[in-house]
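[1] Coordinates only, no sequence provided:
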C-alpha cells in the first residue's frame, strides 16, 4: 500500500488511543507529543507561540526571565532541558544500550526523599539530582535510575512485572503502519463504503484478558470516517478491530463483525466555531469577565513556586500525572507560621470501563494515566475560554521516545477566581438603629489542566481557598465513545434490552461507561507523621427517663491502626468524617491539628472483583484508602499499567496491612462518575463535574478569615464596554 | 420588674427563635419583620435606602418604574399592597372577627390552579385573585381563603390540626415580657454573674414531645451575655430554659441546670469589619470583580418575569419559602420553542435537629420555614459582598401580624456569573498544521437569597445554565449554636464520650447537628403530566463464552407506577439516575423528553423513625420522593408546623400511594448536611455548601450550546485599577 499515491497519513494523539488518517505518509521520524516532526528547537518555536496566547496584561505576572533555567531551583523542579540531554548522553554511553539506544517511555525526575526536601528547606542543601527512566529495547522493559551528578546509571531492573510502560509514538507508528499495509483491513474499509482517504483510526490499549494476549505487547485499532466532519468520533466503522503485535510489527487478528451496521451520517457534528452557521436560540450575552486590572494577587517564583494569599505550593507539569502540587503550605492565621498541609498531590490513575461485552468493546477499560499519560495528552489551553483573563500559563517540559526534550506549551493555567460566592456572612434583623449585615466575598486560586485523552477531555482543577480548604474538581467534556447501530429510532428497536446505551443520534449508541480518578494525596499535616481518624456518626438511643428525645447522633473517633482500618466504602446511612491529624500537634484547646477529606458526588465501581479490568483498577474497590508512605507506590493501577494484571495496585499495597498510626501516610481518594449518555452529549458534551474537598479541622485556632476585608465600591475595577460593542 | 428603670429591651428576629436584650422597653407595638415600629410608609422609606444599596451601574438594569404596582401583572405575582389592604378590610368586616381582629400569621396569594395559569398564558384570561390567610384568635387557628374580586371570605376552617402557624412578633413579645417579669428568671440571671442589661435571649420553638406540652402554644427562652461582643451567641448562659405558654402569657416552667458552667468569655468573637484591629496573616488580594460594563444580559419584566439567554421564569419572594421560582421555561435550541421545565420550585421546609438529649437541648429540632419563615428571616443582602456588582435586587412584600404590608428590602439578588469555568471543550494534538482547540466559557444566571434564621445563615442559590441545567445550592454560614461547658481544654475532659460535640473555644462546645432542606419541585417537562423513571445501573454477569469480560453494567428503566415506587434512599452501591419524563413527547430518536435530578453531596437522617423530631420531619426519611400533585401538599413538614405531630408531612402524603405515572407529579429532593463543628467554625463559620442539579436528559435533540460563542479579547470589558489603588 505504500506506493498508493493518494494515501495520506496523519497522527492525532489520542485518549486512550491514537488516531490516524491517510493524510501524511510516510513518517520520516516518529512524531513527538506536542511537537511533531520537529527537532528540539521546535520547543522554542512553540514557546514563541505561547507568548502570543497570553493576555495583553499577562506581563504583569512575574515570570522568570529565563523560561527554562539550566539548573533546577527547587529539589522538586522537573528535569531541565540540560538535565534531560545529560540523561540521554549517560544512557547512550551505558553498556547495555551501547549497540542500540532504547525507546524512552518515561524520563522524569526521580524525586528526592521527603527528608531531603525538608532538609533543603531548612539548610539549603540541594539533594542530588536523579532521573527515573522507563525504556524498552527488543521487547524488554528497563527501569533505570540515573544519577546526574555522578553521571551514571545507579540502578537498573529488567522486566520487573507483567505490564508494559506507557505507549510511545513509535509504537503508534508501528501499529498504524502494520494496519494500513494489511490488505484484509483495506478491503474491509472499502467494503464498508468508506474511502481510504477518509479513514481516521484510534490505537486502543487492549487491557488484559487472559493468556491469549499475554507476554506480548499488543494494540487494538478501530477506525472512523472523517468524511464531512472533523468530529470523526461520531462516525464509527463499527465492529472492525485490528489487533497488532507491536514488537513483531504485525497484525495478529482482524475482527470484522459489524458489516450490517451503517457508518452514521454524522451531520451537524462539527463543533468548531468557524463551522457554525446558525446562531443559538437564545438572547445573546453581554461581555462578562473576571477582571483584576491591577493584576492577579499570586506570583510564581523560580518558575514553580506559587505564592498567593496564605498559600505557598510547588506546581509542575508531569507527563504521566498531568499536574503535580507539592509542598502545599498555608500560613497560620494567628502566628503567621507557614504550616505544612500536603507533601504531594496528583491524579494517579484514571480508569474508564465501557459497559459492553461485545468483541469490539469488551477490552475498552482504559487506564489513561498509565497507558497514555495525562500530561502527554494535555494540549495548550485556550486563553479566555479554558481559563479567564489574567491567567498565568505554565508549560510542560517532557521527553520524546528518542530521549529528547520537548515543550507542551500552556499546559497548566493558574488564575484567581471570584464567582460571586460568599466566604462567610451573618445578618440580624435591624432594631433601634442597630444593624448587623456582614459578608465577605470568596476569592480563590485555581490551577487547571485539561487532558484530551482521545475523545474525552478531563479538566482538572485544584482550587485553594483562604479559609484553608482545597477543592479538587474533575470536569468531563469532549466527545462520547459511540457505537454504530442499525437503528435510527428507539421505536424500531425490538430488543431494547440488548442495547448497551441509549440512542444519541441516528445509528449512534452512547455506550454506558464509568470514569474513576484516583488521587494520591500525601498529606503532611504539620509534618510527615499523621494518623487517620474516622469520626463516625452513630445513632444513640436514649435510656428510659433520660430525655423526651428517643435518639441522637454521637461522633465516635476511631484512630486507624493499620491499612485494613482505612479502606472506606462511602455509605449515606453509615456516615463518617475522615480526618488526617497530627497527633503530636494540638491546638490550644487540645484538639489535634487536622484536615478532613470531604466527599461530594461520587460513584463506585460495581464490576465483578475478579473481572480483569476490575483487577487492574482495584483501586476503585473503595473510595478512600490510607497507606503507609512508600516511594514506589505512586501509581494506583501500577507502574507498568499497559496490559497489567493487577499485581501492583493500591489494593495489593493496602492489603499488606502496614501500620499507619502516627506514620508518614498517604490518603487516596477515588472520584467516580457513572455516565449514561443522552442526546445532549451529542456531538460534544457539556461539562459534567464532581469534586471533593480537603478541609482544615481544628488546624486553625479559629476561623482564619475572620479578618477578611469586604469589597467596597471604591476598590473595584473601573470598566468600560469593549470597543467592539459600539 | 416593669418599673426597674435600667431595663432596656430590644428584639432581634431569630432563626428558630428570637432574641431579646434589655435595651428598649416597653414595647409600644409589636415589632414587624424588617420594618419594625413603622407604619406602612416605612416600606417606602426602606425602598429609598434600597436605591442607595445598588451599584452605580445598576440603573442599566431595566426595572419597573412602578416599583409596587397596584394590580398584579402575572397570575402568580404576590399580593400587592392594595390587595393586602383589601384582604385586611374584608377580614375586618368578616362576622367571626367583627369583635376582635385576629393575629395574622400568614397572608399570601392563594395561587390559581396550574390550568388557570396555563390558560392565562394562552388567552390572557386573568384568573381571580385570592388570598390564603392563617390567623389566630383566642388560641384558635383559622384558615381562610379570601376572594378579592368578590370581596369576601370564601372558605374558613378552624383548628384543622394539632399544629400551630408560624410565630408572630406578638407571640415573641408576649413570651419575652412573661420571661422578664418573672422574678425567678431574673434571680437566676443575676446568680450567674450576668448583668440584666447584658442579657440577650432567643425565643425557641419547643418541637413536640408528647402530652405535657400538647394542646397549648408554648415557647422556650434561652439567654446569652452580650457583654463585650455583638456575637452573644458564643456566650450562652447554659442550662437556663424558660417555658412560656403564649396564649396564657405565663411562665410554666423554669429549668436551671447549668449553674456550675461559666459563661464563656467570648473574646475575639466580634466579626464586624469595624471591630478588626489585626490584618489577616496573608498577602493582600488585588481588586477582583465580575465585570460586565454593558450591563447584565438578563431583564426583569413586570417586576417578576426574568428573561435571560434561553431561560424565562417567574421569581418572587415568599414569607415562608423565601424564594419561589415558577413557570421556568427554556427555549428549544433548534426550534426556538419555549418549553416548560418546572411549574414551581422552592425550599419547602428546613429541619435542624441538634444531637444532645439534655434538658436544655433535646427540643432543638427546628422546622425553620414553618416555624419562623425563610423569607421573614431573609434580611437585605450586602451589595458587592453577598452578591457581585451588577446584581439586581428584588424586595419582598410581606404582611405583619396586624395584617399590614411591609417591605423586606433587597431580599433576593439576581446576577450573571462567570467563574472561569468551561461549558464544553475539546482539543486534538496538532498535526500538519491542523489544530483543534475549541472551548466555550460557562456563563450562568444566579438567583440568591440568604435567610438569617437566628444564628445560622442559609444562602439559597438557583443557578441557571444555558445547557438547560439548573443547580440548586444551599450554603451554610453564620454562627454555631454552642453549649457552655466547664472545660477549657480537651485534655482535662475525663468523660470525652459524654460530650455532644467538640470543644471549639474555651468553655464552648459546638454541638453536633444536622440540616435538611426539602425542595418542592413541581416539574412540568413539556407539560403537567410526567412520569418518574428510575434508571438503575445493574451489574450483569456475562455467560460463559460470551466475552473475555466477566461483568458490565446495564441501565434498566423502571417507570414508577405509584408513590411507593418513588421513595428513594441513595446508595452508592445501588446507583440510579432519576428521570422525570413526558411520555407524550418524544425526541426525533424516540427518547422521551426528560430532566433528571442529579444528587451531589448529601446526608441522611439517622434518627429513630419514632423519635418526635423525626416524625415531624419525616420528609427526611428518603432523599427523593415523587408525589401526585395536590395543591394542599406544599409544606413537607406540614402546613401548621409549630408543635406539629407529624400527621401532615410528605411521608404521610406519599404513603397514600397514589398513581404517579403520566400524572401531574411533584419531585421532592432532600438536601442534608451533618455538621460536626470544629475550631474553624468559631466565632463565625466559613460557608459550607452542597447542591443538586436538574439536568436535561433527551430533552434537547442535541447539545443545546453547540453554537455558543467563544470569548474573544476584543469583546471583553476594558478595565482600569480603581482610583483607591493609586
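    Alright, I've got the coordinates. Just so it is clear, the structure is predicted and the values come from calculations on it, not from any experiment. Numbers count the residues shown, from 1 in each chain, chains lettered A, B, ... in the order given.
[2] switch to C-alpha atoms for all contacts and neighbour counts from now on
    Noted.
[3] what about the helices in chain A?
    For chain A, the helices defined by DSSP state H cover A:41-53, A:81-93, A:114-123, A:169-180, A:183-191, A:368-371, A:612-616, A:650-654.
[4] Residue A:207: which of those helices is closest?
    Minimum separation from residue A:207 across those (C-alpha to C-alpha) falls at helix A:612-616, 7.0 Å.
[5] mean confidence for the closest one?
    Per-residue pLDDT over helix A:612-616 has a mean of 98.
[6] pLDDT wise, what is residue A:59 at?
    With respect to pLDDT, residue A:59 scores 32.
[7] The one 10 residues further on too?
    Note for residue A:69: predicted pLDDT of 85.
[8] give the contact list for it.
    residue A:80 (C-alpha atoms under 8 Å, 6 or more residues apart in numbering or on different chains).
[9] Tell me the spacing between residue A:448 and chain B.
    10 Å (C-alpha to the nearest C-alpha, to the nearest Å).
[10] for that residue, what are its contacts?
    Counting by C-alpha under 8 Å, 6+ apart, residue A:448 touches A:387, A:412, A:413, A:414, A:459, A:460, A:461, A:462.
[11] Same question for residue A:88.
    A:403, A:404.
[12] where do the strands sit along the stretch 1-150 of chain A?
    For the stretch 1-150 of chain A, the strands defined by DSSP state E, counting those that start in this stretch cover A:10-12, A:19-21, A:103-109, A:130-137, A:140-147.
[13] among the contacts of residue A:448, which are in reach of chain B?
    Residues of the contacts of residue A:448 in contact with chain B (C-alpha under 8 Å from any C-alpha of the partner chain): residue A:387.
[14] For the contacts of residue A:448, which single residue is the most surrounded?
    Among the contacts of residue A:448, the one with the most neighbours (other C-alpha atoms under 10 Å in any protein chain shown) is residue A:412, at 29 neighbours.
[15] Hmm, that residue is touching residue A:387, no?
    No - the criterion here is C-alpha atoms under 8 Å, and residue A:412 misses it with residue A:387 at 9.5 Å.
[16] and for these two, which residues touch both?
    Contact with both residue A:412 and residue A:387 is made by residues A:381, A:448, according to C-alpha under 8 Å, 6+ apart.
[17] about what we covered before: select, out of the strands of the stretch 1-150 of chain A, the one closest to chain B.
    Closest approach to chain B among the strands of the stretch 1-150 of chain A (C-alpha to the nearest C-alpha): strand A:10-12, 5.4 Å.
[18] residues in contact with the closest residue in space to residue A:207 that isn't next to it in sequence?
    Nearest non-adjacent residue to residue A:207, counting by C-alpha to C-alpha, 6 or more residues apart in numbering or on different chains: residue A:643, 5.1 Å away. Neighbouring residues of residue A:643 by C-alpha under 8 Å, 6+ apart: A:162, A:163, A:164, A:205, A:206, A:207, A:208, A:214, A:217.
[19] Give me the neighbour count for the residue lying closest to residue A:548 once chain neighbours are set aside.
    Leaving aside its chain neighbours, residue A:548 sits nearest to residue B:209 (6.0 Å; criterion: C-alpha to C-alpha, 6+ apart). Residues near residue B:209, counting by other C-alpha under 10 Å, number 20.
[20] shouldn't residue B:209 be in contact with residue A:550?
    No - Residue B:209 lies out of contact with residue A:550 (C-alpha under 8 Å); the separation is 9.9 Å.
[21] Quick check: neighbours shared by the two?
    Common neighbours of residue B:209 and residue A:550 (C-alpha under 8 Å, 6+ apart) are residue B:612.
[22] Compute the inter-axis angle for the longest strand anywhere in chain A and helix A:81-93.
    Counting residues, the longest strand found in chain A (DSSP state E) is strand A:405-427. In terms of direction (axes from the mean of the first three to the mean of the last three C-alpha atoms, to 10 degrees), strand A:405-427 departs from helix A:81-93 by 140 degrees.
[23] Could you list the paired strands of strand A:405-427 along with their orientation?
    Paired neighbours of strand A:405-427 in the sheet (DSSP bridges): strand A:392-399 (antiparallel), strand A:437-453 (antiparallel).
[24] would you list the contacts of residue A:448 in JSON lines and tack on pLDDT?
    Compiled in JSON lines, the contacts of residue A:448 are given as follows (pLDDT from 0 to 100):
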{"residue": "A:387", "pLDDT": "98"}
{"residue": "A:412", "pLDDT": "98"}
{"residue": "A:413", "pLDDT": "98"}
{"residue": "A:414", "pLDDT": "98"}
{"residue": "A:459", "pLDDT": "98"}
{"residue": "A:460", "pLDDT": "98"}
{"residue": "A:461", "pLDDT": "98"}
{"residue": "A:462", "pLDDT": "99"}
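[25] ok, the contacts of residue A:448 vs chain B, which is closest?
    Distances from chain B to those, taken by C-alpha to the nearest C-alpha, are shortest for residue A:387, at 5.7 Å.
[26] Break chain A down into its domains, please.
    Domains of chain A are assigned by automatic domain parsing as A:10-30+A:168-267, A:304-425+A:444-713.
[27] Give me whichever of these is most buried.
    Across the domains of chain A, the average number of neighbours (mean count of other C-alpha atoms under 10 Å in any protein chain shown) peaks for domain A:304-425+A:444-713, which reaches a mean of 22.
[28] Now do that domain: distance from first to last residue.
    End-to-end distance of domain A:304-425+A:444-713: 34 Å, with C-alpha to C-alpha, to the nearest Å as the criterion.
[29] can you check stretch A:678-691 too?
    Terminal residues of stretch A:678-691 lie 22 Å apart, using C-alpha to C-alpha.
[30] Stretch A:428-447 too?
    37 Å.
[31] got the buried residues for it?
    For stretch A:428-447, a neighbour-count test (16 or more other C-alpha atoms under 10 Å in any protein chain shown) marks A:428-431, A:436-447 as buried.
[32] From residue B:697, how far out is the residue nearest to residue A:548?
    Going from residue B:209 to residue B:697 by C-alpha to C-alpha gives 45 Å.
[33] sorry, back to before: between the strands of the stretch 1-150 of chain A, which gets nearest to residue A:707?
    The nearest among the strands of the stretch 1-150 of chain A, by C-alpha to C-alpha, is strand A:103-109 at 41.0 Å.
[34] centre of the chain versus the closest one, how much separation?
    18 Å (C-alpha atoms, centre = their mean, to the nearest Å).
[35] And for stretch A:465-476?
    That offset, for stretch A:465-476, works out to 15 Å (C-alpha atoms, centre = their mean).
[36] Equivalent analysis for stretch A:387-400, please.
    15 Å.
[37] Contact distance from chain B - what residues of the stretch 151-300 of chain A qualify?
    Residues of the stretch 151-300 of chain A lying near chain B by C-alpha under 8 Å from any C-alpha: A:209-210, A:271-273, A:276, A:278-297.
[38] Give me the buried subset of the residues you listed.
    Applying 16+ other C-alpha under 10 Å to these flags A:209, A:271-272, A:280-282, A:285-297 as buried.
[39] Just the ones in strands from those residues, please.
    Those of these lying in strands (DSSP E): A:289, A:290, A:291.
[40] Relative to chain B, which of those residues is nearest.
    Using C-alpha to the nearest C-alpha, those come closest to chain B at residue A:290, 4.5 Å.
[41] OK, contacts around the nearest residue to that closest one once chain neighbours are set aside?
    Leaving aside its chain neighbours, residue A:290 sits nearest to residue B:290 (4.5 Å; criterion: C-alpha to C-alpha, 6+ apart). Contacts for residue B:290 (C-alpha under 8 Å, 6+ apart) come out as A:288, A:289, A:290, A:291, A:418, A:419, A:420, B:388, B:389, B:417, B:418.
[42] Report the separation between residue B:290 and residue A:722.
    Between residue B:290 and residue A:722 the distance is 15 Å, computed by C-alpha to C-alpha.
[43] Check what pLDDT the residue nearest to residue A:509 when sequence neighbours are not counted gets.
    Using C-alpha to C-alpha, 6+ apart and skipping the chain neighbours, the partner closest in space to residue A:509 is residue A:503 (4.5 Å). What the model reports as pLDDT for residue A:503 is 98.
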